[in-house]
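**Q** dropping a prediction and its sequence here:
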Amino acid sequence: MNPNPFDSSTSIPQAKNAPGQFAGGPADAGGSGPVPAPAGGRLAAAADRRWIKGAVVGTAVFLVLLFIVYREVYHNHRLYEVNRLRAAEELQRREAQELLRLHVAHEAYLEAELLRLESQSHSPQNIQTALILH
Amino acid sequence: MKTHFSNRAALLFGLLAVWLAALEGRLFYLQILHHQEWQKMADKYQLTTRVDQSWRGPILDRNGFKLALTVPVKDVYADLSLWSNRVDLLSGLVAPRLRLDPAGLARYVRENLARRQRSSDDQGPGVLLLKRDLSPLEWAPIAEQLARENFGLPVGHLSTRQRALLNDLRHGAVLVRDAQCRYYPEGELLAQVLGFVGAGDDGHWLQGRWGLESCWDPWLAGQNGICVSSQDATGHELAFCRVTNTPVRDGAGMVLTIDLPLQKIVEDALARAVARHHPVSASCVIIRPSTGEILALGIRPTFSPQAPAAGPQECWRNLVISDRREVGSVFKVITLAAALDLGVVNLDRQIFCENGRWVYQKSVLHDDGNSYAWLSVWECLARSSNIGFAKIALLAGPGPFYDAITRFGFTRPTGVPLPYETPGFIRSPTNWTASSITRVAIGQECAVSQLQLAMACAAIANDGVLMHPWLVRELVHADGTPWVRYGPASVGRVVRVETARTVRAAMEFVVESGTGTGTAAALPRHSVAGKTGTAQISDGHHYVPGSYYCSFIGMVPAGKPELVIAVAVDQPKDSAYGGLVAAPVFQEIAAQAVVRFNIPPDKAPVPPRPGGLVGAPIATGGLVAINH
């Protein structure tokens, strides 16, 4: 069974490592082999590395998420901007069309007035004259 | 220790499982069981539907003159939630700008507020229409003025609430909605043909209610566009989130065969005739016989299509197509064509006219006070002898005579693309009395429309080929590109070519001989073929004494007619003869029409009378000749 890494009293190796129990321990200090680093220090370094690794990964994930959120916000902002431009353009087009239609109606009115003036000369006397002269 | 840990882990996982199960259950409840309900609610808040109104197409004459067009307008509304406790203040500010009476407006708003409070629905005060059809050019300065108005609030520092209220009042107290208004630049001209529009009940702003506007409504109205899209929290549409976007298709423009200057000539002449004779009505239709084109169609009295309700509804009726009448002697042209085509007479055949009174099958026929003895067929037509024509029809016999006259289309609608056309009425010979044939021959016991008669005469002018009346020349897309083109359509040959030419010669004799009834229709430089008609008017049982329907139908030039003109004056007050009432109207119209259509003269010029028109200014009455 693996030792519970969270239970310090049972699982930390140095607690079991009574002098002379394991080679490389303090009982072997006068031995011929190289003097190993104390086990507690090695473990602390490993924990630091894990923490750093975790922090880096976490930060990276956070940054990615932040980027995604930022991208989303930016995209949304752009869409709103495009929407605003499009709405403004449509409004402008409608207004221009409205003006054009009013202009056409005014032209038709003037045209009708001209024809009305022209037809005022259709007096019976003029018609008789036209009859003879044509 | 292990057990302790396992228990805690199990508890944790258990709680997690319960929480997840609850979550799943809730999701199942919301998204599966109540999906529709929530979807509807979400759509209500998130989606907006906008209907883009299609633009009603214009109606143009053959030259491109606008007869009817659509103008953008604004309908002005009051937001009653803002008006409810400041009616007098807002009425005082808004009414003068909308050219309304402030007191009247305040009363109107109060009445509506009270009515809405009494009503059971809890929809809130809503909006109230203040003014229709305001020009955008009129609205722009009003909107600007309202945006600067203080609405009784202090000029200086305002609280946040006051600022919000002022903003609402400035931009929300009076609301506008884009609308459409139909404009008829020529006023009453061609009113019965064009018809008019009313408020639409089919999703369009405007809907045709009469005449061409009604008959051709699906083409003129176009198709509305529908846009369903998401909206933001302020209710603005998100153009990039459109779920459905059916584009709007504007209505088609309609080009008629009507010639506006000629139409004016006709309507002016009719107006003068009405002023002279004070009839119940006067009408005229001009046809180009080779194509069946209706070049002008005028009716008096008339109405304004802009405000049809302002005049009597009686004026809306297109008498030329919807009224069938006993037309009297004008029908003798058809009788003559039938008899000639059947080969039972020729123009030189002598007919005994019984010295003006003839009893046939216990029915008495008169020649209107004239006592003719022997007359040739030429003279029978020129002098409009009833007895002569009764005998001509008898020579043909009921069956062949009926078949020959109905070939002209008197028992069916002509097919003119206008609503309420009468099919005419001629009983079949099996239902005739013994004397019916003598009556039908002179235009009694049969009722036809003026258009039917004009088309029949146009067939004679067109060497015997009857055409369909042609009123709509083409439909064009909103961008002006052609969509549908209509052309002349022949119904078929109704009489032989020689028959048609002989009838025209006889009709020319009526006008040009100097002894006929139609001399008042003669033109100085153009030969005219025509026939007068004076029909008694029946009240359903008897002919009403002193009540006549006077008409003249003629063609110019007689040799190769380019125009057929039918004039009718109903119950003139001062005279009872088509030759005296309708023929001069024909002459007045024809004289200008030949100039308008540049029809070359075919008669020798009449030398000017001394002291007459010599030295008179050269005037063509403002007419401009065109080539067609």
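**A** Arrived safely.
**Q** OK, contacts around the residue of the stretch 151-300 of chain B at minimum distance from chain A?
**A** At 3.9 Å from chain A, B:P185 is the closest residue in the stretch 151-300 of chain B, using CB to the nearest CB. Just so you know, the C-beta spots here come from the backbone N, C-alpha and C atoms, and that holds for glycine as well. The contact partners of B:P185, taken as CB atoms under 8 Å, 6 or more residues apart in numbering or on different chains, are A:105, A:108-109, A:111-112, B:66-67, B:69.
**Q** which residue is the nearest non-sequential neighbour of B:Q306?
**A** B:Y184 (5.5 Å; CB to CB, 6 or more residues apart in numbering or on different chains).
**Q** need the contact list for the one you found.
**A** B:67-68, B:191, B:194, B:304-306.
**Q** low pLDDT regions in chain A?
**A** Applying pLDDT under 70 to chain A flags the ranges A:1-39, A:121-134.
**Q** in it, mark out all the helices, start to finish.
**A** Taking DSSP state H as the criterion, chain A carries its helices at A:8-11, A:13-16, A:39-119, A:124-133.
**Q** among those, which comes closest to B:W210?
**A** Closest to B:W210 of those is helix A:39-119 (CB to CB; 20.8 Å).
**Q** report how many residues lie close to B:Q313.
**A** Applying other CB atoms under 10 Å in any protein chain shown, we find 10 residues neighbouring B:Q313.
**Q** please report phi then psi for it.
**A** Taking degrees, to the nearest 10, you get phi -60, psi -30 for the backbone angles of B:Q313.
**Q** could you measure from it over to chain A?
**A** Distance, B:Q313 to chain A, by CB to the nearest CB, to the nearest Å: 25 Å.
**Q** most widely separated two among the contacts of B:Y184?
**A** Longest span within the contacts of B:Y184, CB to CB: B:L67 and B:S304, 13.4 Å.
**Q** ok, those two, which is more surrounded?
**A** It is B:L67, of B:L67 and B:S304, that has more neighbours when counted by other CB under 10 Å, with 25 against 16.
**Q** chain center to the strand or helix carrying the more buried one, what's the gap?
**A** Per DSSP states H and E: B:L67 is located in strand B:66-79. Taking CA atoms, centre = their mean, to the nearest Å, one finds strand B:66-79 lying 21 Å from the centre of the chain it belongs to.
**Q** mind saving the C-alpha coords of that strand as PDB?
**A** Taking Å, rounded to 0.1, in the frame of the first residue of the first chain, the C-alpha atoms of strand B:66-79 are listed here in PDB:
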ATOM      1  CA  LYS B  66     -47.500  59.800 -63.300                       C
ATOM      2  CA  LEU B  67     -51.200  59.200 -62.600                       C
ATOM      3  CA  ALA B  68     -50.800  57.700 -59.200                       C
ATOM      4  CA  LEU B  69     -47.800  57.300 -56.900                       C
ATOM      5  CA  THR B  70     -47.000  56.600 -53.300                       C
ATOM      6  CA  VAL B  71     -45.500  59.300 -51.100                       C
ATOM      7  CA  PRO B  72     -43.800  58.700 -47.700                       C
ATOM      8  CA  VAL B  73     -45.700  60.300 -44.800                       C
ATOM      9  CA  LYS B  74     -45.600  60.100 -41.000                       C
ATOM     10  CA  ASP B  75     -48.400  59.200 -38.700                       C
ATOM     11  CA  VAL B  76     -48.100  61.100 -35.400                       C
ATOM     12  CA  TYR B  77     -49.000  59.400 -32.100                       C
ATOM     13  CA  ALA B  78     -49.100  60.500 -28.500                       C
ATOM     14  CA  ASP B  79     -47.600  58.300 -25.900                       C
END
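**Q** which of the residues in the helix or strand that that strand is followed by are buried?
**A** Using DSSP H and E, the helix or strand that directly follows strand B:66-79 along the chain is helix B:80-83. For helix B:80-83, burial by neighbour count (16 or more other CB atoms under 10 Å in any protein chain shown) applies to B:80, B:82-83.
**Q** ok, those vs chain A, which is closest?
**A** Chain A lies nearest to B:L82 out of those, by CB to the nearest CB, at 24.0 Å.
**Q** report the contact partners of that closest one.
**A** Counting by CB under 8 Å, 6+ apart, B:L82 touches B:90, B:168-169, B:172-173.
**Q** give me the spatial nearest neighbour of B:A454, chain neighbours excluded.
**A** In space, B:A454 is closest to B:A566, 4.0 Å off (CB to CB, 6+ apart).
**Q** please report how far that neighbour lies from chain A.
**A** Using CB to the nearest CB, one gets 20 Å for the distance from B:A566 to chain A.
**Q** show me where the stretch 51-200 of chain B has strands.
**A** Ranges of strands in the stretch 51-200 of chain B, per DSSP state E, counting those that start in this stretch, are B:59-60, B:66-79, B:127-134, B:174-183, B:196-199.
**Q** can I get these in CSV with distance to chain A?
**A** Converted to CSV, the strands of the stretch 51-200 of chain B look like this (distance: least, CB to the nearest CB, whole Å):
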stretch, distance to chain A
strand B:59-60, 10
strand B:66-79, 4
strand B:127-134, 12
strand B:174-183, 6
strand B:196-199, 15
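**Q** including mean pLDDT, could those go into JSON lines?
**A** Below are the strands of the stretch 51-200 of chain B laid out as JSON lines (pLDDT from 0 to 100):
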{"stretch": "strand B:59-60", "mean pLDDT": "94"}
{"stretch": "strand B:66-79", "mean pLDDT": "92"}
{"stretch": "strand B:127-134", "mean pLDDT": "89"}
{"stretch": "strand B:174-183", "mean pLDDT": "91"}
{"stretch": "strand B:196-199", "mean pLDDT": "91"}
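**Q** which SS state does B:T532 fall under?
**A** Per DSSP: H, G, I helix; E, B strand; the rest coil, the secondary structure class of B:T532 is strand.
**Q** ok, the one 3 residues further on next?
**A** Using three-state DSSP, the three-state assignment for B:A535 comes out as strand.
**Q** so it sits against B:K332, correct?
**A** No. Using CB atoms under 8 Å, B:A535 makes no contact with B:K332, being 11.5 Å away.
**Q** list residues touching both of these two?
**A** The overlap between the contact sets of B:A535 and B:K332 (CB under 8 Å, 6+ apart) consists of B:G443.
**Q** neighbour count winner among the two?
**A** Between B:A535 and B:K332, counted using other CB under 10 Å, B:K332 has the larger neighbour count: 28 against 24.
**Q** that one contacts B:K531, doesn't it?
**A** Yes. Using CB under 8 Å, B:K332 is in contact with B:K531, at 6.5 Å.
**Q** shared neighbours of those two, anything?
**A** Counting by CB under 8 Å, 6+ apart, the contacts common to B:K332 and B:K531 are B:381, B:384.
**Q** how about the helices of the stretch 101-250 of chain B, start to end?
**A** Listed in chain order, the helices of the stretch 101-250 of chain B (DSSP state H, counting those that start in this stretch) span B:102-118, B:136-148, B:160-172, B:191-194, B:211-215, B:217-221.
**Q** quick one: contacts of the fifth one?
**A** Same thing as helix B:211-215. So helix B:211-215 is contacted by B:59, B:68, B:182, B:191-197, B:208, B:220, B:254, B:256, B:305, B:318, B:417-419, B:471-472 (CB under 8 Å, 6+ apart).
**Q** neighbours around residue 84, how many?
**A** No chain was given, so I picked chain A. Neighbourhood size, A:R84 [other CB under 10 Å]: 12.
**Q** not what I meant, chain B
**A** 16.
**Q** got it, and A:L117?
**A** 10.
**Q** got the phi and psi for the closest residue to chain A within the stretch 301-450 of chain B?
**A** Nearest residue of the stretch 301-450 of chain B to chain A, counting by CB to the nearest CB: B:Q306, 12.1 Å away. Dihedral pair for B:Q306: phi -70, psi -30, per degrees, to the nearest 10.
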